[in-house]
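Undergrad: Have a look at this prediction, sequence included:
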Amino acid sequence: MKRFESVYPLRPLFFRKLKNHLITLFSWSAVVIAVGAMVWILGTVLIDGLKVITPGFLLNPSKPYGIPDAGIGNAILGTLLITGGAALLAVPCGVAAGIYLAEFGSGTRLGNGLRFCANVLMGMPSILVGLLVYSLMVVPMGSFSGVAGSVALAVIMFPVIMRTTEDMLLMVPASLREAALALGMTRTRAILRIVCTSARNGLLTGILLSLSRVSGETAPLLFTAMFADSWPKDYFTGPTANIPMLITEYTTNSPFEEMHAAGWGAAFVVSAIILFINITTRICFRERHHGK
Amino acid sequence: MNKLRTISQDNAFRLLCLLAAGIAGVLMLGFMVQLAVDSSAAWREFGLGFIFSSEWDPWSNRYGALPSIVGTLITTVIALVVALPLAFAAALFLTDAPPWLSQIIGNAIDLLAAIPSVIYGMWGLFVLAPIMQDYVQPFLIDDLGLGRIPFVGEYYMGFGLFTAGLILALMILPYMAAIMRDVFAMTPQVLREAAYGIGCTRWETAKDIVLKYGIRGLLGGVFIGLGRALGETMAVLFVVGNIMDMPQTLSDGGTTIASTLANNFSEADGLQRSALMALGIILFAMSFLIQIISHYYLSATKSKRGEAK
């Protein structure tokens, strides 16, 4: 029999410990880089953004370069409209689809196929969604429109809500379902009143997080909602202002310092909205998650 | 009578849910059909040579996909090479750190993943690119003499494939770290304690036990990060330079499929629009493949987790 040491030569303890310390150092610095990048990016947004934030900046509509009293009011309103429209479209469909996966289709071939489709859709580059909606809506309607932007964002939200709904419903113990059915409830009523109600916090978390994710999406709006300097009054028929496109327009297509500063202001507003939704959602629904 | 009504109500609800779930399938087919139909003119005109041609000339209506494909691959590879070791190390730290610290940092990493990509792009344009031009690239290329290595490039301007890759690395780092953290946390505590018990250092435990146990989940996380880097538009668009030529070196300006689409689509029509749609279908195929691989690996870990319980 071979001796253990000849198969696994013993390494000196000093070098093993040294290596361990070096790697610990490296993993500390990795965390510092990841968190430091966040602090740096958010810090830049905060400092450069706060410089231009005034009530007028938030309330006035955007204007071409050189005209005084410009703001981003129309873009804020447009983003709320477009994201709200997307939520109206995606939330009912997504929740119903998630109910199908969790309650009716689990284990069936159709259910697995649709789950696979949703998984692939979740990883789809968002600019391709823009191309799809451009071909299906913008070309037939003859113009860019806010509602096309809503549809594009809804396409991104839908699979996310579908999969989180499924995951949350599957966490509800089967005994609850059985008890409801044993009391003589119909399946529909048992699902809506018992299963969905007990998974309510999880569902809300999923919906709000997906909402906060799409409100900063830019790529799908490039060819759908576009941008306009007007108030979003023709949401259904014409280009509609929104914050992400305003940032893109002001920073890439404009050589002027003022426009860049306004871009930082808009970046501050959109980050504030997203982080607010994100953090409040996590805080409000946290203890429920831990309970599970 | 009552029972009949109950059954029909249930069936109606079931049908409704099925219809909603069917949207996923319809969307998936919709992507394929729409991209195939809209790009058919370009494929008819150029054939498969489209993929290997590096021409992009709107005046004479000749288009090729090679510069965009190469740019996409280069930026993605740079992002992975930078982000992978960092994500791995950060995830190791998070699994070993005391719970309160790992929770705070875990939350910070989740927030990092919520920042919209357009802000990464803007930050890259106004903050990172000037720093790259003034400090990082002069140091790497002139002082360390890396410019003499082929494909690194002796000329730099702050923008370009390298900077775009770095921004992408920062973007995918939190995603990959979060997935790897979850995978590492799955390793049964007994295995880890056994390793410590026979005298392994923490690194040896991580390398020989945790990594071996969670390798499939780790690969799944890597491919998810890869998919994000491949299709990212805004963060790249701002810093890549958007030059439609074949990149010669890493510090050259270039373009990626997504940023080519974002830049040219609104003004394009006719054959150019069709060529852009053909680029879109190439991107679709790439990300489809990556999704399948990542789900294969991640679902494999899921069943393993079932056994462990």
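TA: Received the coordinates, thanks. The shown structure was predicted, so the numbers you read here are calculated from the model rather than taken from an experiment.
Undergrad: switch to C-alpha atoms for all contacts and neighbour counts from now on
TA: Fine.
Undergrad: Show me what secondary structure element comes after the host helix or strand of B:S68.
TA: Secondary-structure assignment from DSSP states H and E places B:S68 in helix B:66-96. Moving toward the C-terminus from helix B:66-96, the next helix or strand (DSSP H and E) is helix B:99-114.
Undergrad: and stretch A:87-96, how far from the chain's centre?
TA: Centroid separation between stretch A:87-96 and its chain, computed with C-alpha atoms, centre = their mean, to the nearest Å, is 15 Å.
Undergrad: I misspoke; the intended subject was stretch B:289-302.
TA: Distance of stretch B:289-302 from the chain centroid (C-alpha atoms, centre = their mean) equals 15 Å.
Undergrad: now for the helix holding B:S68, which elements pack on it?
TA: helix A:13-52, helix B:49-52, helix B:99-114, helix B:161-185, helix B:215-231, helix B:257-264 (3 or more C-alpha pairs under 8 Å, 6 or more residues apart in numbering or on different chains; DSSP states H and E).
Undergrad: partners of the helix or strand just after the second one in the sheet?
TA: Heading C-terminal from helix B:49-52, the first helix or strand you meet, by DSSP H and E, is strand B:56-57. Pairing partners of strand B:56-57, with direction, according to DSSP bridges: strand B:62-63 (antiparallel).
Undergrad: Run through who's touching the strand it pairs with.
TA: B:50, B:53-57, B:272, B:275 (C-alpha atoms under 8 Å, 6 or more residues apart in numbering or on different chains).
Undergrad: now the nearest residue to B:L271 once chain neighbours are set aside, what's its secondary structure?
TA: Among residues not flanking B:L271 along the chain, B:A42 sits closest, at 6.3 Å (C-alpha to C-alpha, 6 or more residues apart in numbering or on different chains). Here B:A42 is recorded as helix under DSSP: H, G, I helix; E, B strand; the rest coil.
Undergrad: wait, isn't B:A42 in contact with B:L279?
TA: No - using C-alpha atoms under 8 Å, B:A42 is not in contact with B:L279, being 9.8 Å away.
Undergrad: quick one, which of those two is more surrounded?
TA: It is B:L279, of B:A42 and B:L279, that has more neighbours when counted by other C-alpha atoms under 10 Å in any protein chain shown, with 27 against 24.
Undergrad: so the host helix or strand of that one versus helix B:66-96, what angle?
TA: Applying DSSP H and E as the criterion places B:L279 in helix B:271-308. Using axes from the mean of the first three to the mean of the last three C-alpha atoms, to 10 degrees, the direction of helix B:271-308 lies 20 degrees away from that of helix B:66-96.
Undergrad: next one: helix B:271-308 to chain centre, how far?
TA: On C-alpha atoms, centre = their mean, the centre of helix B:271-308 falls 10 Å from that of its chain.
Undergrad: Only the buried residues of it, if you could.
TA: For helix B:271-308, burial by neighbour count (16 or more other C-alpha atoms under 10 Å in any protein chain shown) applies to B:271-284, B:287-288, B:290-292, B:294-295, B:297-298, B:301, B:304.
Undergrad: what number of residues lie near A:A266?
TA: As a burial measure, A:A266 scores 32 neighbours (other C-alpha under 10 Å).
Undergrad: got the residues of the stretch 151-292 of chain A near chain B?
TA: Residues of the stretch 151-292 of chain A lying close to chain B (C-alpha under 8 Å from any C-alpha of the partner chain) are A:159, A:162, A:186-188, A:212-213, A:216-219, A:222-223, A:244, A:247-248, A:251-252, A:267, A:271, A:274-275, A:278.
Undergrad: that older thread, so which other helices or strands are in contact with the helix holding B:L279?
TA: So helix B:271-308, by 3+ C-alpha pairs under 8 Å, 6+ apart, packs with helix A:109-122, helix A:126-133, helix B:2-46, helix B:215-231, helix B:257-264.
Undergrad: In contact with the residue in the stretch 51-200 of chain A that chain B sits nearest to, which residues?
TA: Minimum separation of the stretch 51-200 of chain A from chain B (C-alpha to the nearest C-alpha) falls at A:A97, amounting to 3.9 Å. Neighbour list for A:A97: A:162, B:17-22 [criterion: C-alpha under 8 Å, 6+ apart].
Undergrad: let's go with 7 Å and repeat that
TA: A:162, B:17-18, B:20-21 (C-alpha atoms under 7 Å, 6 or more residues apart in numbering or on different chains).
Undergrad: and it, what element?
TA: Using DSSP H and E, A:A97 maps to helix A:73-99.
Undergrad: now the helices and strands packed on helix B:66-96 as CSV including mean neighbour count, mean pLDDT and distance to A:A179?
TA: Shown next, in CSV, are these (neighbours: other C-alpha atoms under 10 Å in any protein chain shown; pLDDT from 0 to 100; distance: least, C-alpha to C-alpha, whole Å):
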stretch, mean neighbour count, mean pLDDT, distance to A:A179
helix A:13-52, 17, 89, 47
helix B:49-52, 16, 88, 59
helix B:99-114, 16, 81, 37
helix B:161-185, 26, 88, 34
helix B:215-231, 24, 87, 37
helix B:257-264, 22, 91, 51
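Undergrad: would you turn those helices into CSV with distance to B:T201?
TA: As requested, these are exported to CSV (distance: least, C-alpha to C-alpha, whole Å):
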stretch, distance to B:T201
helix A:13-52, 7
helix B:49-52, 50
helix B:99-114, 20
helix B:161-185, 17
helix B:215-231, 20
helix B:257-264, 44
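Undergrad: who wins for proximity to B:I243 among these?
TA: Proximity to B:I243, assessed across these by C-alpha to C-alpha, is greatest for helix B:257-264 (9.0 Å).
Undergrad: Between the helices and strands packed on helix B:271-308, which one is closest to A:S29.
TA: Closest approach to A:S29 among the helices and strands packed on helix B:271-308 (C-alpha to C-alpha): helix B:215-231, 20.2 Å.
Undergrad: Give the closest residue to the residue in chain B that chain A sits nearest to in space, chain neighbours not counted.
TA: Closest contact between chain B and chain A, by C-alpha to the nearest C-alpha, is at B:A21 (3.9 Å). Spatial nearest neighbour of B:A21, excluding adjacent residues (C-alpha to C-alpha, 6+ apart): A:A97 at 3.9 Å.
Undergrad: before we move on, what about A:L46?
TA: The shortest distance from A:L46 to any non-neighbouring residue, by C-alpha to C-alpha, 6+ apart, is to A:F268 (6.1 Å).
Undergrad: Tell me which residues touch that neighbour, please.
TA: For A:F268, the contact set (C-alpha under 7 Å, 6+ apart) comprises A:45-46, A:49.
Undergrad: quick one on the thing from earlier: run a quick neighbour tally on the residue of chain B closest to chain A.
TA: Other residues near B:A21 come to 30 when the count uses other C-alpha under 10 Å.
Undergrad: Which residues are in contact with it?
TA: Neighbouring residues of B:A21 by C-alpha under 7 Å, 6+ apart: A:97, A:100, A:114.
Undergrad: is it possible to export the residues you listed to TSV including pLDDT?
TA: Formatted as TSV, the contacts of B:A21 follow (pLDDT from 0 to 100):
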residue	pLDDT
A:A97	95
A:Y100	94
A:L114	93
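Undergrad: can those go into CSV with extra columns for distance to A:M137?
TA: Below are the contacts of B:A21 laid out as CSV (distance: C-alpha to C-alpha, whole Å):
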residue, distance to A:M137
A:A97, 23
A:Y100, 28
A:L114, 24
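Undergrad: quick one on the thing from earlier: got the angle between the helix holding B:S68 and helix A:13-52?
TA: 110 degrees.
Undergrad: buried ones in helix B:66-96?
TA: Neighbour-count burial for helix B:66-96, counted by 16+ other C-alpha under 10 Å, picks out B:66-80, B:82-95.
Undergrad: where are the low-confidence patches of chain A?
TA: Applying pLDDT under 70 to chain A flags residues A:1-11, A:286-292.
Undergrad: quick one: which helix or strand includes the residue nearest the centre of it?
TA: With distances taken as C-alpha atoms, centre = their mean, A:R213 lies nearest the centre of chain A, 1.5 Å away. Using DSSP H and E, A:R213 falls within helix A:200-214.
Undergrad: export that helix as CSV, just CAs?
TA: The C-alpha coordinates for helix A:200-214 follow below in CSV (Å, rounded to 0.1, in the frame of the first residue of the first chain):
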residue,chain,number,x,y,z
ARG,A,200,-50.0,38.1,-0.9
ASN,A,201,-46.8,39.7,0.5
GLY,A,202,-44.6,37.6,-1.8
LEU,A,203,-46.7,38.5,-4.8
LEU,A,204,-46.6,42.2,-4.0
THR,A,205,-42.8,42.1,-3.5
GLY,A,206,-42.4,40.4,-6.9
ILE,A,207,-44.6,42.9,-8.6
LEU,A,208,-43.0,46.0,-7.1
LEU,A,209,-39.5,44.8,-7.7
SER,A,210,-40.3,44.1,-11.4
LEU,A,211,-41.9,47.5,-11.6
SER,A,212,-38.8,49.2,-10.2
ARG,A,213,-36.7,47.3,-12.6
VAL,A,214,-38.5,48.3,-15.8
